[in-house]
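Visitor: Pasting the sequence and the predicted model now:
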Amino acid sequence: MAEPGRTRLIGGPGMLLVWLYGVMVVGAVSRSAVQIATEFDRAPLAYSLSAVAGLVYGFITYSLVRGGERARRAALVCCAAELAGVLIVGTWTLADPSAFPDATVWSDYGMGYLFIPVLLPVTAVFWLRRSRAATS
Amino acid sequence: MLVALTVATAVAALALAAWCGWAAHRDQPTKDWHFIGMAMVTLLALVQLVVGVVRLARGEKPEQGTTIFVSYLVGALACVPAAAFMSLAERTRWGSITVAAGGVVLAVLQVRLYDIWGG
């Protein structure tokens, strides 16, 4: 961990995080791309939210791989946004199912994705906070 | 044929996950034997992709659409090799856990593939 310059964020558990985030990027981006391209009118809100989720996942993955203090902070902010997104959209889909004719990545707190969308940001926040403790 | 391959790939993926999970439990990185296992699971996914494309070429239609079917087949093929490369970069137990997670993801993809094809 004593590398000059950037804090390495993908050592140890970070590698597993990158893998899971990578899977979510591919899942969310490809899913929303297909749905927006073929049947956007059916559930515009749901598909747009999936696309946003994909972008957030992409940015976090990039930050983790890049490393460094600024990337670490940016990733922390995004993880918080992601967690808020999962909780808000999850509650929203349960409270008002009629707004979502089709599921998003974050529907029912990410149940369709084994709850990874809600577990991942919590784990990532712990990891990112610990990375700072290890380097300072 | 396709369904049998789907089941076989899912079982192999879970076995790989358990094997690498065991390595992680014993605090070991992935070894040559694990990579042979990953190669075999990947080979199954490759055969599945070929069989799937042949069935499409014969004019059969997956229940939930050709685009989704093909993207899942490609995703299933890429899944384990991607995890394998990451475990090469991470020579600790966490590399083993990453491959184990890759196996679980592949098994989930197989369940989805089964649904998409329509049983």
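Guide: Thanks, I have the structure now. Numbering: from 1, shown residues only, chains lettered A, B, ... in the order given.
Visitor: B:Ala100 contacts B:Ala24, doesn't it?
Guide: Yes. Contact criterion Cβ atoms under 8 Å: B:Ala100 and B:Ala24 qualify, at 6.3 Å. Heads up, the C-betas are built off the backbone N, CA and C, glycines and all.
Visitor: in which helix or strand would I find residue 75?
Guide: I'll assume chain A. A:Ala75 belongs to helix A:69-95 when elements are defined using DSSP states H and E.
Visitor: my question was about chain B
Guide: Secondary structure assignment for B:Gly75, by DSSP H and E: helix B:66-89.
Visitor: Can you pull up the most central residue in the chain?
Guide: Unless you meant another one, I'm taking chain A. In chain A, the centroid-proximal residue (Cα atoms, centre = their mean) is A:Tyr57; its distance is 3.7 Å.
Visitor: could you do chain B instead?
Guide: Short answer for chain B (Cα atoms, centre = their mean): B:Leu106, at 3.8 Å.
Visitor: residue of chain B with the smallest distance to chain A?
Guide: Chain A sits closest to B:Glu90 of chain B, with a gap of 4.1 Å, by Cβ to the nearest Cβ.
Visitor: With only the CA atoms kept, save stretch B:46-60 in PDB.
Guide: Extracted in PDB, the C-alpha atoms of stretch B:46-60 (Å, rounded to 0.1, in the frame of the first residue of the first chain):
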ATOM      1  CA  LEU B  46     -18.500 -21.600 -25.800                       C
ATOM      2  CA  VAL B  47     -20.200 -24.800 -27.000                       C
ATOM      3  CA  GLN B  48     -23.400 -23.400 -25.700                       C
ATOM      4  CA  LEU B  49     -22.900 -20.200 -27.700                       C
ATOM      5  CA  VAL B  50     -22.200 -22.200 -30.900                       C
ATOM      6  CA  VAL B  51     -25.200 -24.500 -30.400                       C
ATOM      7  CA  GLY B  52     -27.400 -21.500 -29.600                       C
ATOM      8  CA  VAL B  53     -26.400 -19.600 -32.700                       C
ATOM      9  CA  VAL B  54     -26.900 -22.800 -34.800                       C
ATOM     10  CA  ARG B  55     -30.400 -23.100 -33.500                       C
ATOM     11  CA  LEU B  56     -31.100 -19.500 -34.300                       C
ATOM     12  CA  ALA B  57     -29.700 -20.000 -37.800                       C
ATOM     13  CA  ARG B  58     -32.100 -22.900 -38.300                       C
ATOM     14  CA  GLY B  59     -34.900 -20.400 -37.800                       C
ATOM     15  CA  GLU B  60     -35.900 -21.200 -34.200                       C
END
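Visitor: Can you tell me the SS state at the residue in chain A that chain B sits nearest to?
Guide: Distances between chain A and chain B by Cβ to the nearest Cβ are smallest at A:Met15, namely 4.1 Å. Following DSSP: H, G, I helix; E, B strand; the rest coil, A:Met15 is assigned to helix.
Visitor: show me where pLDDT drops low in chain A?
Guide: The model of chain A has pLDDT under 70 over residues A:1-5, A:133-136.
Visitor: Now do the helices for it: every range, in order, please.
Guide: Secondary structure of chain A (DSSP state H): helices at A:13-39, A:44-66, A:69-95, A:116-135.
Visitor: Thought B:Val51 was touching B:Leu5, still the case?
Guide: Yes. Look at B:Leu5 against B:Val51 with Cβ under 8 Å: they come within range, at 6.0 Å.
Visitor: Give me the more crowded residue out of those two.
Guide: Ranked by neighbour count (other Cβ atoms under 10 Å in any protein chain shown), B:Leu5 and B:Val51 place B:Leu5 first, with 19 against 16.
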